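In: predicted model follows, preceded by the sequence.
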Amino acid sequence: MYPRLHDDEIPDAAVICFFPDTVRAVGEREGSAVAFSFTSIIGGQPCYVREVAGRRIAFFFPEIGAPRAVMFLEESIARGITRFVAVGSAGVLVPDLVMGHPFVVTSALRDEGTSAHYGAVSPVVEAGALGIRACLDALDAAGAPHETGRTWTTDGIYRETRSTVARRIEAGCAVVEMEASAFLAVAAYRGVELGQILFSADSLAGEDWDHRGWVTAGDAHEQVFWIAMDAAARLAGVRRERLG
């Protein structure tokens, strides 16, 4: 359905970025080009590519939610890309994750429907070691303090009730978002490498929801985007060495 790119056109890796303004801004800068466009009934999304650390790294905005984002991931895999780093925001469930603090996903608790279509049966999906390592190395190189751990992936953002949050914390979750467990299930099913960095955003750790101004934190979004681009370049290098 989606033609594979010619071998010399396939990016070495891709960043799946949930910050559309950042994707658009970087995509319009000198050094970026459009590799291909995704199909969408509400309008296509461009997949850009630029060189990072000697690697051709693609980057794109996959829209929001597991079903839609997985469509972008699947189309990227069909076109020949096999290494991915996802970067986006997450609500925090614990008080020690301050606004903007990077969080590397090591596992995801499944509370969405997409992952079940990719053979996921356990309540928790584990992240691959190569993706985790690439993200950690990139954060260390940037001097960015970070945490690792489990995320809660949900379809029901307006059903993040106090009782459910308490149960998810008890199950080891520190953050909540909408795509990670589906991404990890697809990566395992398709045999591709994927790591994910989450930007600590709004907070559910207190009695009331705290927005914390995360939507307008454009500079911070771009900073973590470039860390993800470095992680993708590192993942491309590790993959090549392992296959070589």
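Out: Nice, thanks for sending it over.
In: distance between stretch 103-113 and the chain's centre?
Out: 11 Å (CA atoms, centre = their mean, to the nearest Å).
In: remind me, longest helix of this structure?
Out: helix 218-243 (DSSP state H).
In: for G156, which non-adjacent residue is spatially closest?
Out: With sequence-adjacent residues excluded and distances taken as CB to CB, 6 or more residues apart in numbering, G156 is closest to D111, at 7.6 Å. All C-beta spots, glycine's among them, are computed from the backbone N, C-alpha and C.
In: may I ask which helix or strand of this structure has the lowest mean pLDDT?
Out: Least confident element among the helices and strands of the chain, by mean pLDDT, DSSP states H and E: helix 218-243 (a mean of 83).
In: who are the packing partners of that helix?
Out: Helices and strands touching helix 218-243, by 3 or more CB pairs under 8 Å, 6 or more residues apart in numbering; DSSP states H and E, are strand 13-17, helix 20-27, strand 45-52, strand 55-60, strand 83-92, helix 129-141, strand 193-203.
In: parallel or antiparallel, which strands does the shortest one pair with?
Out: This points to strand 13-17. Here strand 13-17 has these sheet partners by DSSP bridges: strand 55-60 (parallel), strand 83-92 (parallel).
In: relative to strand 55-60, how tilted is the next helix-or-strand element following the first one?
Out: Beyond strand 55-60 on the C-terminal side, the first helix or strand identified by DSSP states H and E is helix 66-78. Our comparison of helix 66-78 with strand 55-60, counting by axes from the mean of the first three to the mean of the last three CA atoms, to 10 degrees, yields an angle of 150 degrees.
In: residues making contact with helix 66-78?
Out: Contact partners of helix 66-78, identified using CB atoms under 8 Å, 6 or more residues apart in numbering, comprise 1-2, 4, 14, 16, 38-39, 45, 47, 58, 60, 62-63, 84, 112-115, 153, 155, 178-179, 181-183, 186, 190, 192.
In: how about stretch 119-130?
Out: Against stretch 119-130 from outside (CB under 8 Å, 6+ apart): 105-110, 115, 150, 171, 181, 184-185, 187-189, 193-196, 235, 238-239, 242.
In: just the buried ones out of the residues you listed, please.
Out: 105-110, 115, 150, 181, 184-185, 187-188, 193-196, 235, 238-239 (16 or more other CB atoms under 10 Å).
In: now C47, nearest residue through space, not along the chain?
Out: Per CB to CB, 6+ apart, closest to C47 is F60, 4.3 Å.
In: for that neighbour, give its distance to G44.
Out: Between F60 and G44 the computed distance is 11 Å (CB to CB, to the nearest Å).
In: so V125 sits in a strand?
Out: Yes - under DSSP: H, G, I helix; E, B strand; the rest coil, V125 sits within a strand.
In: gap between it and A14?
Out: Counting by CB to CB - V125 and A14 are separated by 20 Å.
In: kindly report the same for L198.
Out: 17 Å.
In: equivalent analysis for V192, please.
Out: Distance of V192 to A14, given as CB to CB: 10 Å.
In: give me the common contacts of those two.
Out: 81, 83-84.
In: okay, V125 and A14: which has more neighbours?
Out: In terms of neighbours (other CB atoms under 10 Å), A14 is the more surrounded of V125 and A14; the figures are 32 against 25.
In: kind regards, and thank you for your time.
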